[in-house]
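A.B. asks: structure of the sequence below:
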Amino acid sequence: MSQPTALTPLVKAASAYYRTAGRFARHFAYVKLRHDPVFAAILAHGVLAGRARLLDLGCGQGLLAAWLLAAHACHAQAAPGGWPARWPPPPLLHSYRGIEINPREVARARRAFALDPGAALQFVPGDIRDVDYPPADAVVILDVLHYLDYTAQERVLRRVRTALPPQGLLLTRIADAAGGAGFVLGKALDRTVVLLRRRRWVPLRCRALADWQTLLGHCGFSARALPMPGGAPFVNVLLRAELA
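C.D. replies: Below is the predicted model of the structure:
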């Protein structure tokens, strides 16, 4: 589902970071940012407000960094229609570390932000099960946890907890395995995308929404679902998890 037309300037500004990263990277950024409602939801709910140090696990080519930097610039310009009136100000990103298992994605991210003079951005190639986590005010994990086995899911979440301060935040999007046909369709799409990117079959370890919330509770978080503007395709659920 596309973002509202009012967000077109923001989508263009964020995807423009990828001009130096190649045609594919820029096109992918534009399409993903335009059609995936999670990006608008993050800004509309103000969930990252005051979170200056961000850790993005499974960051891909760094779309969230581009989105937040572009959002800050668009809000600062205060042009008529440039920022939705009901949205809170976007976060001011001081430091960002993205961890991504696909080295090609990391290379695209590094090329995209090589000349950016703003926030301190780092893109680290590696597996989120093994790479060290720096201290962060917020950790974001979008559509990644179900690629890990059940034991690794819990281990990653416990490591996230130790990286966060007392008022820290985890923001994660998961697929609700109790979502019926929408879940089945989304799972099939995920399998296809992974097969194209990694050239191999990767098993998916999914849970029902209630089970994800139970797991987060065991790992020291209290989680609640956030609505996504325009609805969420494939029964994807955005969870805001705070330290319990």
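A.B. asks: next secondary structure after the helix or strand hosting F24?
C.D. replies: For F24, the element it lies in under DSSP states H and E is helix 23-35. As assigned by DSSP H and E, the chain's next helix or strand after helix 23-35 is helix 37-44.
A.B. asks: mean confidence score for the helix or strand just after that next one?
C.D. replies: As assigned by DSSP H and E, the chain's next helix or strand after helix 37-44 is strand 53-57. On average, the pLDDT along strand 53-57 is 97.
A.B. asks: direction included, what does strand 53-57 pair against?
C.D. replies: Sheet pairing of strand 53-57 (DSSP bridges) gives strand 95-100 (parallel), strand 138-142 (parallel).
A.B. asks: dump the ones you listed to TSV, plus mean pLDDT and distance to R205.
C.D. replies: All C-beta atoms are positioned from the backbone trio N, CA, C, and that covers glycine. Output for the strands paired with strand 53-57, formatted as TSV (pLDDT from 0 to 100; distance: least, Cβ to Cβ, whole Å):
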stretch	mean pLDDT	distance to R205
strand 95-100	97	19
strand 138-142	98	14
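A.B. asks: about what we covered before: give the buried residues for the helix holding F24.
C.D. replies: Neighbour-count burial for helix 23-35, counted by 16 or more other Cβ atoms under 10 Å, picks out A25, R26, F28, A29, Y30, K32, L33, R34.
A.B. asks: any regions of the protein where pLDDT drops low?
C.D. replies: For the chain, applying pLDDT under 70 flags the ranges 1-5, 78-82, 117-119, 179-202, 229-234.
A.B. asks: the protein: helices as residue ranges?
C.D. replies: Taking DSSP state H as the test, the helices found in the chain are 8-15, 23-35, 37-44, 63-77, 103-113, 150-163, 181-198, 209-218.
A.B. asks: I figured A73 hits A14, correct?
C.D. replies: No: using Cβ atoms under 8 Å, A73 makes no contact with A14, being 9.4 Å away.
A.B. asks: tell me which of the two has more neighbours.
C.D. replies: Per other Cβ atoms under 10 Å, whichever of A73 and A14 has more neighbours is A14, with 27 against 15.
A.B. asks: wait, isn't V11 in contact with V31?
C.D. replies: No: if you go by Cβ under 8 Å, V11 and V31 don't touch, sitting 9.4 Å apart.
A.B. asks: residue nearest the centroid of the protein?
C.D. replies: By Cα atoms, centre = their mean, the mean C-alpha position of the chain lies nearest to L142, the distance being 4.1 Å.
A.B. asks: okay then, goodbye and thanks.
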